[in-house]
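In: The following comprises the amino acid sequence and a computationally predicted model.
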Amino acid sequence: MDQHAPGPEKDPKLWEIAQKRASFKTNLITYIIVNAFLWILWAITKGRGYDGGIPWPVWPTLGWGIGIIFHYFGAYVYPEANSAEREYEKLKNKKS
């Protein structure tokens, strides 16, 4: 059975929300592990070429962090917001 398709006893909307939340949790764990590695790497090697400016791991942490924030909002704050479904409904209403 396809793990991405809800079974006959599952509500498709709730299944989609559950998938979004599971995806967010996986992304968050990956973010924490990778960024911890980058900061440890920076701490170990900071003596080479570090002039007291902004540490380089700030940039991937901030950039990816912005993505994590958007992913959180899509999974927990506005989980039912589906732009493709809204566009489909607009086109369907326009056609009829």
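Out: All right, it came through fine. Numbering: from 1, shown residues only.

In: Please identify the nearest residue in space to the most centrally placed residue in the chain, excluding sequence neighbours.
Out: The geometric centre of the chain, computed from its C-alpha atoms, lies nearest to residue 71 (CA atoms, centre = their mean), at 3.6 Å. Take residue 71 and drop its neighbours on the chain: the residue closest to it by CB to CB, 6 or more residues apart in numbering is residue 24, 5.0 Å away. No exception for glycine: its C-beta is placed from N, CA and C like everyone else's.

In: Below-threshold pLDDT in the protein: ranges please.
Out: Across the chain, the stretches falling below the confidence threshold (pLDDT under 70) are 1-7, 47-50, 82-83.

In: what about the strands in the protein?
Out: Shown for the chain, no strands are assigned by DSSP state E.

In: remind me, longest helix of it?
Out: As assigned by DSSP state H, the longest helix anywhere in the chain is helix 12-45.

In: Give the buried residues for that helix.
Out: Judged by neighbour count using 16 or more other CB atoms under 10 Å, the buried positions of helix 12-45 are 16, 20, 24, 27, 31, 35, 38.

In: What I need now is these written out in JSON lines, including distance to residue 80 for each item.
Out: Rendered in JSON lines, the data for the buried residues of helix 12-45 read as follows (distance: CB to CB, whole Å):
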{"residue": "16", "distance to residue 80": "8"}
{"residue": "20", "distance to residue 80": "10"}
{"residue": "24", "distance to residue 80": "15"}
{"residue": "27", "distance to residue 80": "19"}
{"residue": "31", "distance to residue 80": "24"}
{"residue": "35", "distance to residue 80": "30"}
{"residue": "38", "distance to residue 80": "34"}
